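Undergrad: Make a model of this:
(chains A and B)
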Amino acid sequence: MAVTSPIPGARFVDPAVLARVGNLELVAKSVVDGLINGTHRSPFFGASVDFAEHRGYVSGDDIRRVDWRVYARTDKYYIKEFEADSNANFSVLLDVSKSMSFGEKISKLDYGKTLAGCLTYMANQQRDRVGLITFDHDIVNHVPPSAKHLEVVLHTLDRATATRPGQIGPPLRKLAEHFGRRGIIVVISDFYAEPDEIFEGLGPLRFRGNDVVMFHVLDPREIDFGFVEPSSFEDLESGDQIPIIPDKLAEQYRKLITEHTETLAKRAAEQQMDYMLLNTEMPIDFALFRFLSMRERLASRR
Amino acid sequence: MSFLTPLFLVALGALAVPVLIHLTQRERKSVVQFPSLMFLRKIPYESVQKRRIRDWVLLMLRLAALGMIVAAFARPFLRGSELAAAPGGARDIVVLLDRSYSMGYGDTWQRAQQAAVQALSSTTPADRISLVLFADGAEVALRSTPDPSRASAAINAASPGPGSTKYGPALKLAGSLLAESLLPRREVILVSDFQRGGWQPDDTLRLPGGATLTNVVVEVATGPNLALTPVALQRIRAAGQPERVGVTAGVLNRGTTAAASVPLRLEMDGRVVQTLTASVEPGASATVTFAPLTITAANTRASVRLGNDKPEGLSPPGSVDALARDNVFHFVITPSAPVPVLVVGQDGRGDASLYLSRALAIGDAPHFDTSMQSPDALAGDALARARLIILNDVVVSEAAAAKLVTFVEGGGGLLLALGPRASWPAARAAWLPAGLATTVDRTRGAAAKLSGMDYGHAVFEPFRGPRSGDFSSARFYSYRALTASKDATVLARFDTGEPALVERVAGRGRAIVFASTLDLSWNDLALKPVFLPFIHQLGRHLSGFKEQPAWLTVGQVLDVTAAEIAAGATTAGTASSQTARTVLAPSGQRRELTPPAAPPGAAPTSTALELGEQGFYEIRVAGRDAGPGIVAAANVNLAESNLERMDPKELVVAISGDGSSGPGGGQDVLPDEAQELAQRFWWYLLFAGILLLIAETVLAQRLSRAAR
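TA: Below you'll find the model as predicted:
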């Protein structure tokens, strides 16, 4: 399904179509390259070409890094150092709890996997070290960030399934100890937890200097509650059932979910995190584009 | 409205089932899986608990059907029906009416009938009446009728029979009838002359709880009461003259006045042959002996009568007393027929059978008609006339053995006394009770003795008691070794353990082998006192002799088969025993008597006839012209003529314990079971419930089609 783009010339691909393409790398490459070619905008962020300082040459330094112009002027060997001469760590924290398996055309998990794949591919194109952590109520898989881990990350994403109930707080608190080096952390989840618990988990990550990006993935029916028939609603994770007459409480539900997303957005802004609500009907590249735009705007402000 | 089994109402809880089905069925069809109920739980619960019931008509139909079915099982009924309003409660009455022959004394029976009808005059339409007629047995003449007129008609139609009084069976039958009763009051009304002889205390005899016994005593008028005692028959035989029989009759005066010159008539085949008189004091007896009569025909019917009573029944005016049934005594006289015995001995050795023939000649009961023959006689027709054949140390040819086998299997008896010459064809050796072997010589050393007699057997049964015969005194110097066959019975052994007397049943007859001789050549048994009774017992047993009684008592059972055999039907064989017979009762009633079917291969079964009337029974084999068959005389029980009365209270205390009324005695209403049984609401409820279920099925199908 083609979605009308707010950006002239950009073409977006239906995520349901992408989900049918089994090769995640191919999907990521198509989405990212298509996006870059379509927009002609630099995809780089956190650029490392800014000059930082000169220092004296010491034995062992690569002579290719000697600033020959300064040598011409001063007749001394100086090494030119840049602001970000080393790549950033890019880690995706993907929620694989059972609730992520919900979805009619495409499940939230598949959507999240595609999104994570695209972001990882994009970061890897920037020479960032990419890593992946899947979690439910505990850490399921942990691929440490590395420049060579793109394939491992994609493979791990491909195998990820949503089978167990989830809990966002404990795994995030456990992860905070692993992120000693500053980097970019992308959290993809449906965030079915109280905001306090969510930010208690994410806070330590942020406090260690990481850039935290929250992708709140929800199915359209979770947002607008488009059910009609009175039914028993079964919790995917706990198996509990309660009888529901949708027309009686849809309005209250929508109000509650809106309050929840607004609270998350507000709290994220307060802690200088990026928050984005993603509807699984929204094309992946469209979501990426909005994300990059948002990052650029925020980066310029920071 | 009450319920007989209210516990079933618990099942009304099942009414919730259709409601739950209505409410849960749709939810089960659509369970929606949702990522998290986190927000849904925050919505107040009441808003999601509401459910809707759409098909109210179906629901109501199901509820009504279930309710009716449950109510049907709870057995509803209405208390206080019209039936229960009878004052004092409804009664189940069993009238026991004594119909023993003592009730025929004078007008006792008429008064008993009136008393029984009178006892029923207070019944209400709610009461149920049963009538039981009893003597030594009891039978239900009328069962549980609310109509007293029917009961009265049944009472008036009854008459006293020849039986004697026995209260036990009647009370037991009444108890079983009342045990099935559902009415609140149960009552037994016993109408009788309460003879003491009819009551034997029985601890196990009890009326059901709450049942009462009401005695209606029918007083027996005082007056003369004479009874004939069983006759004594004396057979007189004289050489060259036919047998004569002397009849001695006894008269018993149970009355309070002396009877003088009471005529006693002896009748033969319905004709009066002699009349004597006797005088008897009160409480005493007298005997008269009629002149001996020559009896020529078998089954001669004889009777002794007091006065002019004839025939049996209620006493006609002018008889010796008011109780006629005990004023006559019937009996059957048959000339005693000698048992034909064929003794076969070796030619020229007449002394070998001397002791045997002498012993048989002395016999009186029965008389043995002995015929001495040589072995050649076995080839002739001498066997056809004999009932017992004794082979005294002879050689038996093949042809003779074949005839002997046929003779025995047809019902005859065979005794083989073995000496040095005795032999039997080897081809038929298996038929004999024992195989014949070599001679055992005990002339040297201690002679053999008889021991190990089977005193349970008919041959040795008279010698069972102490000092009843000593077989051990006889010395056996030689004998033939015997090997008993598998189906034979060893009746006596020598002290060495070898068989001495072996019996085998063959067909309807028997064969016995004696291992030694019946003279003095091999033993001295013939000189011992036991020889004579031993030979007589052997003769009786082997010839099948059984003396038939000249009379029986009403209520006893006649073994027709045994009587026929005793009357000479030895060769009638199995066919006769399985043939239907015609019985002519004293009342003139004729009926067929069919013997019970015997399983294939089994011995023929005996035919029995219960004698229920007083007089002569005549039994003939159906379809056979020759001979009158057999005749049996039946007399009333003499004990019934004793009219001494017992205290009726003794009976009440014995069978009802403390005599108190049961729990139902004070109730004014029918028990719940009876009311429910009468109303049967459950049936209508069940029917209506099923109809509703059918309607619900039809409606549900239509609604289902419409919904599609």
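Undergrad: ranges for the helices of the stretch 1-150 of chain A?
TA: Ranges of helices in the stretch 1-150 of chain A, per DSSP state H, counting those that start in this stretch, are A:15-20, A:24-39, A:68-74, A:108-125, A:150-159.
Undergrad: worst average pLDDT in these?
TA: Mean pLDDT is lowest for helix A:24-39 among the helices of the stretch 1-150 of chain A, at a mean of 54.
Undergrad: Test of understanding: give the bridge partners of B:N392.
TA: B:G345, B:A417 (DSSP bridges).
Undergrad: typo on my end, B:L131
TA: Bridge pairing for B:L131 - DSSP bridges - gives B:V95, B:L142.
Undergrad: where's it relative to B:A174, distance?
TA: Here B:L131 is placed at a distance of 11 Å from B:A174 (Cβ to Cβ, to the nearest Å). In short, each C-beta sits where N, CA and C put it, glycine included.
Undergrad: Please identify which of those two sits among more neighbours.
TA: For the pair B:L131 and B:A174, the greater number of neighbours falls to B:A174 (29 against 25), based on other Cβ atoms under 10 Å in any protein chain shown.
Undergrad: Confirm for me that the more buried one is in contact with B:V94.
TA: Yes. Here B:A174 reaches B:V94: they are 4.3 Å apart, a contact under Cβ atoms under 8 Å.
Undergrad: which residues does A:K108 contact?
TA: The contact partners of A:K108, by Cβ atoms under 8 Å, 6 or more residues apart in numbering or on different chains, come to A:99-102, A:190, A:217-219, A:280, B:35.
Undergrad: and the gap between it and B:T697?
TA: A:K108 is 47 Å from B:T697, by Cβ to Cβ.
Undergrad: what's the residue in the stretch 1-150 of chain A that chain B sits nearest to in contact with, if anything?
TA: Residue nearest to chain B within the stretch 1-150 of chain A: A:S99 (3.6 Å; Cβ to the nearest Cβ). Shown in contact with A:S99 (Cβ under 8 Å, 6+ apart): A:108, A:162, A:165-166, A:190, A:192, A:236-237, B:35-36.
Undergrad: Could you identify the pair within those residues that is furthest apart?
TA: The span of those, defined through Cβ to Cβ, is set by A:K108 and A:P165 at 14.9 Å.
Undergrad: Can I take it that B:A297 is in a helix?
TA: No. According to DSSP: H, G, I helix; E, B strand; the rest coil, B:A297 belongs to no helix; its state is coil.
Undergrad: The nearest residue to it once chain neighbours are set aside: helix or strand, and which one exactly?
TA: Nearest residue to B:A297 in three dimensions, chain neighbours excluded: B:P335, at 7.7 Å (Cβ to Cβ, 6 or more residues apart in numbering or on different chains). Per DSSP states H and E: B:P335 is located in neither a helix nor a strand.
Undergrad: any idea how far B:Y479 is from B:P335?
TA: Using Cβ to Cβ, we find B:P335 at a distance of 41 Å from B:Y479.
Undergrad: number of nearby residues for A:T258?
TA: Neighbour tally, A:T258, other Cβ under 10 Å: 11.
Undergrad: Can you classify it as helix, strand or coil?
TA: Quick answer, by three-state DSSP: A:T258 is helix.
Undergrad: And it, what's its pLDDT?
TA: pLDDT, read off for A:T258, is 92.
Undergrad: Roughly how far does it sit from chain B?
TA: Distance, A:T258 to chain B, using Cβ to the nearest Cβ, to the nearest Å: 10 Å.
Undergrad: tell me the centre residue of the chain?
TA: In the absence of a named chain, chain A is used. A:V186 (3.3 Å; Cα atoms, centre = their mean).
Undergrad: looking at chain B here, not the other one
TA: Residue closest to the mean C-alpha point of chain B, counted by Cα atoms, centre = their mean, is B:V557 at 6.9 Å.
Undergrad: what's that one in contact with, if anything?
TA: By Cβ under 8 Å, 6+ apart, the neighbours of B:V557 are B:608-611.
Undergrad: beta partners of it?
TA: Bridge pairing for B:V557 - DSSP bridges - gives B:E610.
Undergrad: What are the boundaries of the strands in chain A?
TA: Assigned by DSSP state E, chain A shows strands spanning A:51-56, A:78-82, A:89-95, A:129-135, A:139-146, A:183-189, A:211-218, A:231-235, A:241-244, A:274-279.
Undergrad: Counting by contacts, list what the last one packs against.
TA: In other words, strand A:274-279. Here strand A:274-279 touches strand A:211-218, helix A:246-270, helix A:284-301, going by 3 or more Cβ pairs under 8 Å, 6 or more residues apart in numbering or on different chains; DSSP states H and E.
Undergrad: same thing but at 6 Å, please
TA: With contacts defined as 3 or more Cβ pairs under 6 Å, 6 or more residues apart in numbering or on different chains; DSSP states H and E, strand A:274-279 has these neighbours: strand A:211-218, helix A:246-270.
Undergrad: Cheers, nothing more for now.
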